[in-house]
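Participant: take a look and give me a structure for this.
(2 chains)
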Amino acid sequence: MQAEMIDVMIVEDENQLAQLYAELIDNHRWLRLVGMASTLREAKALIEEKRPQLLLLDNYLPDGQGISLLENDVLKKTNCSVIFITAASDMNTCSQAIRSGAFDYILKPVSWNRLQQSLERFIQFSQTQRAWKVVDQQNVDSLYQLQAKDFTSKAGNKGIEENTLNLVEGIFMQDAGRCYSVDEVVSETGLSKTTARRYLEHCVQKGDLRVEMLYGKIGHPRRMYRRA
Amino acid sequence: MRFRPSFQIKLFIYLVVLFVTLFSIVGVYYYRDIERQLYEDMGLRAKVQAEEIALIPSLITAVENKDVSAINRLMMNISAHSDASYMVIGDGKAIHLFHSIYADRVGKALVGDDNVDVLAGKSSTTVRLGGIGLSLRSKAPILNAQGDVIGIVSVGYLTSHINTLTIEKAIRILVAAATLLLALFTFSWFFSRSIKRQMFSLEPREIGLLVRQQKALMESIYEGVIAIDGESRIAVINQAAKKLLNLDAPSRELRGKPLEQVIAPVSFFDRQVMLEKDIHDEICLFNNLTVVASRVRIMLEDQLQGWVITFRDCSDIDRLSIQLSQVQRYADNLRVMRHEQLNWTATLAGLLHMGRYDEAIRYIEAQSESAQELLDFVSARFCSPRVCGLLLGKYARAREKGVELAFDPACGLTHLPLTLSETELMSVIGNLLDNAIEATLLRGENAGPVEVYIVSTDTELVIEVADQGVGIAPERREQIFSLGVTSKREGDHGLGLHLVASYVSHAGGIIEVSDNSPTGSVFSVFIPNGLPIAIPDCVPVTIQPEQREEHK
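Facilitator: Numbering: from 1, shown residues only, chains lettered A, B, ... in the order given. Below is the predicted model:
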């Protein structure tokens, strides 16, 4: 499969930073810098003209917030993806960017490794997208995985440790027929409540434990765990 | 300033002027009428006397013979018995033969120029200036046996005499009228005073102004206002209320309608409670709109006249308080940030100056590292961008308040339950987090993090939020999901958990509330995926607490 060059545009009003981004892109073999804008207005015009596939978008611009561009028709029309860059203290805007469907979100001060990673992921995403003529559900899922996350190795980490798991499972080994509430597991193991819940739910998912409802005389039912 | 009499004085003056005018007109009319009547009566009396005298045979003979002494004798006798002012006898040529007052007139001509008709044989009654003054007099001809006019009898009443009579009568009437007027004045005074008192001692002008002001006031306030009378019928409703309640009908159509036709009955409008006490800032549901409502009784002289109900949209208040607190926060943040930035730049400059470039890079990257990690973690683990946004937003808000949100490493939301919409899920998570953050803040410093565990398994969605805040008193635990129960000093006033409970139960899930150790509370929500799962093992079993005790 022959990879094609990807057109990238930079929207950043801090000139020095923009130059650094530009250098990073120029040095990449699959990326091509098509334009640089320092204001929202400039950016809109340039997107119309150059039709880039990827935008490195800074949030704080002299004539408004970069986030507003995410909702703009120009981006939808040109089918342009966005790597959104904002200050670390500005998590609220970041959450808004996630909702608006930005490809990735990078916090300032920018970790160049993280930016590099993000760019690589976009190249992969874009080339995979191009390669598939027929899109089936599995492809869509993989695409989604690429778009939203490249942390599959981390996602597999459920925070489950062997020792603790044995400790929790050991309680249920003592008496096969007995029901335990979270509180009872907590008092037997000395784990925190949320940790105990995590392990219990993990066991339920594995099929080692099953859940039963205990309806008290008053109030809400309680969730009990029993060996499957 | 021009003198402006008060309404009471004005009303009194109006009444007095009306009565006086009325009495004057009636009085003048009656006076005239009495006068006319009197003149007529007196005229008739004079005429009758004149005509009777003219018929006396001895007089006729005496006149025929011009026997002045005989006439004098006869007439003196008659005039002494009459109330007439004067009596005069003239001959056929209108020459005095007798005058009851002035005897020296005898032989002189009669004055008044009204004798022509009489000499022609007709009686006449006239008001003329006679010999002794203005008088009403009647003249009758004296006829002889042949029917020729041989003389004139004139009987007169001085008008001054008649007027005296009239005035006497008028004075009597006047006294009666004056008494009546006095009574009316007194009545007017008390009447105007009582009206004034009923109008709260306000001038009609002021009342008019008040009404207009009230109207403008009602429309200018952003709160919904409804006034109802004692029978719960709408008396006043403002535009804001109509807008909040989504009412299209014009106000005049709504006026007089029973309240329950406009707002679906809620306990807020319970008759008994309404009579007992006023309520301020209660959360309730008006036609599916969550509002903060107040209710005040209107009393007028110890009599209940109705109620005034005011209400605001709950979300408006939330938004406002958020905006307010944000401004304060921005200002504080800026100060802190500037300080931090200076330190940061100084450190960086130092590292670069000493050529420790790797350290400088690490130092810079560390600034965004933890936030970036959280960002990557959340966006990787939660399939819904809106839930991601919510979690990040809450994380940022919590951190600003000094509360840490700790996501359990096992978090993972790969799909939403079929029975719960994304918005409802966000509401559930958001409200649980808000509560946990609030509880942590209430405990003050050194409270541990709020732990969040959200995981979707094949069969259900588990949401657990654990805080180490103030916890929930055991006696309140049963009520925390009811509407309006709150431990918060501000914010949504106990609506959050009610929403959570209703969404969860609607989705067929359950909520478990328990104590966290060492303090705080744990809210665990379990919502089935909504897919039919044919695993017999999963059928819920009911275990009574007694049975549970045996297991121990």
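Participant: from what I see, B:Leu432 and B:Ser524 are in contact.
Facilitator: No. With contact defined as Cβ atoms under 8 Å, B:Leu432 does not count as touching B:Ser524 (9.6 Å). Yep, even glycine has a C-beta here, placed from its N, CA and C like the rest.
Participant: what's the overlap in contacts for these two?
Facilitator: Here B:Leu432 and B:Ser524 have B:Ile463 as joint contacts, going by Cβ atoms under 8 Å, 6 or more residues apart in numbering or on different chains.
Participant: and the two? Which one has more around it.
Facilitator: B:Leu432 (26 against 23; other Cβ atoms under 10 Å in any protein chain shown).
Participant: ok, the spatially closest residue to that one that is not a sequence neighbour - contacts?
Facilitator: Spatially, and ignoring its direct neighbours in sequence, B:Leu432 is nearest to B:Val465 (4.2 Å; Cβ to Cβ, 6 or more residues apart in numbering or on different chains). By Cβ under 8 Å, 6+ apart, B:Val465 lies in contact with B:Ile429, B:Leu432, B:Leu433, B:Asn435, B:Ala436, B:Val450, B:Glu451, B:Val452, B:Tyr453, B:Val522, B:Phe523.
Participant: average pLDDT for the strand or helix carrying the last one?
Facilitator: Of the helices and strands defined by DSSP states H and E, B:Phe523 is found in strand B:521-528. Rounded to a whole number, the mean pLDDT of strand B:521-528 is 91.
Participant: and it, what does it pack onto?
Facilitator: Where contact means 3 or more Cβ pairs under 8 Å, 6 or more residues apart in numbering or on different chains; DSSP states H and E, strand B:521-528 is packed against helix A:193-206, helix B:422-443, strand B:460-466, helix B:496-506, strand B:510-515.
Participant: the inter-axis angle of it versus strand B:460-466?
Facilitator: Relative orientation of strand B:521-528 versus strand B:460-466 (axes from the mean of the first three to the mean of the last three Cα atoms, to 10 degrees): 170 degrees.
Participant: partners of strand B:521-528 in the sheet?
Facilitator: Here strand B:521-528 is paired, per DSSP bridges, with strand B:460-466 (antiparallel), strand B:510-515 (antiparallel).
Participant: winner for burial among those strands?
Facilitator: strand B:460-466 (a mean of 24; mean count of other Cβ atoms under 10 Å in any protein chain shown).
Participant: and that strand, average pLDDT?
Facilitator: 93.
Participant: quick one on the thing from earlier: for the residue nearest to B:Leu432, list each beta-bridge partner.
Facilitator: With DSSP bridges as the rule, B:Val465 is bridged to B:Val452, B:Phe523.
Participant: picking up where we left off before, can you redo the helices and strands packed on strand B:521-528 as TSV with distance to A:Tyr215?
Facilitator: Shown next, in TSV, are those (distance: least, Cβ to Cβ, whole Å):
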stretch	distance to A:Tyr215
helix A:193-206	19
helix B:422-443	22
strand B:460-466	18
helix B:496-506	14
strand B:510-515	10
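Participant: buried deepest among those, which one?
Facilitator: strand B:460-466 (a mean of 24).
Participant: got the angle for it vs helix A:193-206?
Facilitator: With the same axes, to 10 degrees defining the directions, strand B:460-466 sits at 170 degrees from helix A:193-206.
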